[in-house]
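Novice: next input, structure requested:
(one chain, ligands or ions: 1)
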Amino acid sequence: MLPERFIEMLRGLRLGDAADAIAGGEPEVSVRVNPRKAPVSVENACGQVPWCREGWYLSERPSFTLDPQWHQGRYYVQEGASMFHSHVVRSVIGSDPCPITVLDACAAPGGKTTAVLDALPEGSVVVANEYVPSRAAVLRENIIKWGYPAVIVTRGDTGQFARMGEVFDLIIGDVPCSGEGMMRKDSEAVEQWSPGLVRECAARQWEIVTNLWDALRPGGLLVYSTCTFNREENELTVRRILDELGGESVPVPVVSEWGITPAILEDGTEDSGMHCYRFIPGRTRGEGLFVSVIRKSGEPSCMRAVVPERRSKVKGKAKGAPAVPAEASGWLSDPGAYAVYSEGERVSAFPSVHMPLLQLVRRHVDVIHEGVCLGTVKGRDLVPSQSLVMSHAMRRDAFPRVEVDRAAALGYLRGDSPVMPSGTPRGFVLLTYQGAPLGMVKNLGSRSNTLYPQPWRIRRM
Ligand SMILES: C[S@@+](CC[C@H](N)C(=O)[O-])C[C@H]1O[C@@H](n2cnc3c(N)ncnc32)[C@H](O)[C@@H]1O
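Specialist: Okay, here's the model as predicted:
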């Protein structure tokens, strides 16, 4: 049962017809495939998500946990409306192949970040931030599995980004909201809803937006989004950005068959002065979503890599830093493009051209992952990490490979250490499933030791 005052609000927006769809009906299941990883065989695929070339609706929900492809980061489970961000980013960036610097400010669990990553020009760099620590850990895992090396994952408050100055060409502000659009998926959203919650959320959103505005470069773009329907958290916030911060509303091309609803005025009529895109269940295939793109005034031609192109000396050769094991760079397909450095036992790689950005981010906010963790020094070994296995940056023939079937892959994902076929060299071996990297073992001959991270394992019932 939806709250009466909520239904009243929907009627005021002339969205009364959507109340039934919002209250009930089965949400659709959909996945977005990773275009940089091995092709996916998606079971039950029954049609493409119209606004996302990588998105597929499924006729029924399979057990994703029991599909090794999901653990390999070859697809992401995401509801259809949220995939609109990939279309938005592709549209507003246009055909300019110039790399850009992106902040996804409220990023966990990583749905929008991974969608946006696939829409960016080659060479772009993304900072994915999350405020809630437990959610930041999930974000880190999903980013590592997606495999794009030019990503920094941070745990912090948007105020910390404001203090960095005007650094980002594009900021995704998928802000915390009252979650009205998630009501049919999440009964808590119904229980927690009240007009007071809407006011509280709108106040917090304004604080986040003003912080993000300070971090946006002149001419840069803010993609503001919520998964709620009321105007306070949507049109009224965008109106304030335009009026008080001096932004310019940017149109996104859409197709009428998608069923997207434009900006709504207080009396329920359409607002033609603002470009807003509302996904309303029953009208559009997906859950509730509101998106609007706002440009900060200034010269848009400065949508260029933020970092001055000077040679960075940050390699791990800083005074007192441990030496980098010789084999580390050899595990990368293009070692010349990376700074490779040691911090304690950890050996990492990050695109050299973006090292000054990493340094700047580190001065302001807690970095919990960057680039590729190549491995950890243990005794005489550099033990390759799962971050390397998942990364597009790993050299294809860096390790001997052993292909496993689905049963063995699931056993490995549960923590088993498979016995290697005879003739497999001793030492580190990469297990593959359907030809794509799954994880590492250390082959000792008569047995092997799994290197699959404990927290990522499928729990045994
Ligand atoms: C709508 S969710 C983000 C969903 C994510 N963009 C995705 O597509 O997977 C909003 C996120 O903002 C985080 N958050 C909460 N308070 C915040 C704050 N004060 N500043 C920034 N983010 C906050 C929440 O923990 C939540 O993960």
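Novice: report the beta-bridge partners for the residue in the stretch 251-400 of the chain that the ligand sits nearest to.
Specialist: Using Cβ to the nearest ligand atom, the closest approach of the stretch 251-400 of the chain to the ligand is made by Leu289 at 10.0 Å. For every residue, glycine as well, the C-beta is placed using N, CA and C. Beta-bridge pairing of Leu289 under DSSP bridges involves Phe279.
Novice: which SSE is Val127 in?
Specialist: strand 125-130 (DSSP states H and E).
Novice: tell me which residues are up against that strand.
Specialist: 99, 101-108, 110, 113, 116-117, 120, 136, 139, 143, 148, 150-156, 158, 161, 168, 305, 351, 354, 357, 361, 365 (Cβ atoms under 8 Å, 6 or more residues apart in numbering).
Novice: the helix or strand just after that strand to strand 125-130, inter-axis angle?
Specialist: Next helix or strand after strand 125-130 toward the C-terminus (DSSP H and E): helix 133-146. For helix 133-146 against strand 125-130, the angle by axes from the mean of the first three to the mean of the last three Cα atoms, to 10 degrees is 150 degrees.
Novice: can you list the buried residues in helix 133-146?
Specialist: Using 16 or more other Cβ atoms under 10 Å as the test for burial, helix 133-146 gives Arg135, Ala136, Ala137, Leu139, Arg140, Glu141, Asn142, Ile143, Ile144, Lys145, Trp146.
Novice: those: which ones sit near the ligand?
Specialist: Arg135 (Cβ under 6 Å from any ligand atom).
Novice: now do the helices in the stretch 151-300 of the chain.
Specialist: In the stretch 151-300 of the chain, the helices defined using DSSP state H, counting those that start in this stretch lie at 158-162, 187-192, 195-215, 235-244.
Novice: between those helices, which gets nearest to Met83?
Specialist: helix 187-192 (20.4 Å; Cβ to Cβ).
Novice: mind checking how far that closest one is from the chain centre?
Specialist: 25 Å (Cα atoms, centre = their mean, to the nearest Å).
Novice: and if you look at stretch 428-446?
Specialist: 27 Å.
Novice: which of the helices of the stretch 151-300 of the chain is buried the deepest?
Specialist: helix 158-162 (a mean of 20; mean count of other Cβ atoms under 10 Å).
Novice: what residues does that helix touch?
Specialist: Residues contacting helix 158-162 (Cβ under 8 Å, 6+ apart): 103, 105-106, 127, 129, 131, 167-168, 207-208, 210-212, 214-215, 364-365.
Novice: and the chain, which residues reach the ligand?
Specialist: Counting by Cβ under 6 Å from any ligand atom, the chain sits next to the ligand at 82, 106-112, 130-132, 135, 157-158, 174, 176, 208.
Novice: let's see 5 Å
Specialist: Taking Cβ under 5 Å from any ligand atom, the part of the chain that reaches the ligand is made up of Cys106, Ala108, Pro109, Gly111, Lys112, Tyr131, Val132, Arg135, Asp174, Pro176.
Novice: can you select the buried ones from the residues you listed in PyMOL?
Specialist: Buried members of the residues of the chain next to the ligand, defined by 16+ other Cβ under 10 Å, are picked up in PyMOL with:
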select buried, resi 106+108+109+111+112+131+135+174+176
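Novice: can you pull the domain assignment for this structure?
Specialist: As recorded under automatic domain parsing, the domains making up the chain are 85-302, 308-396, 399-461.
Novice: list the contacts for the residue lying closest to Pro425 once chain neighbours are set aside?
Specialist: Nearest non-adjacent residue to Pro425, counting by Cβ to Cβ, 6 or more residues apart in numbering: Pro400, 5.1 Å away. Pro400 makes contacts with Thr424, Pro425, Gly427, Val429, Leu430, as judged by Cβ under 8 Å, 6+ apart.
Novice: for the longest strand that the chain contains, name the packing helices and strands.
Specialist: Taking DSSP state E as the criterion, the chain has its longest strand at strand 216-226. Counting contacts by 3 or more Cβ pairs under 8 Å, 6 or more residues apart in numbering; DSSP states H and E, strand 216-226 packs against helix 84-93, strand 168-174, helix 195-215, helix 235-244, strand 289-295.
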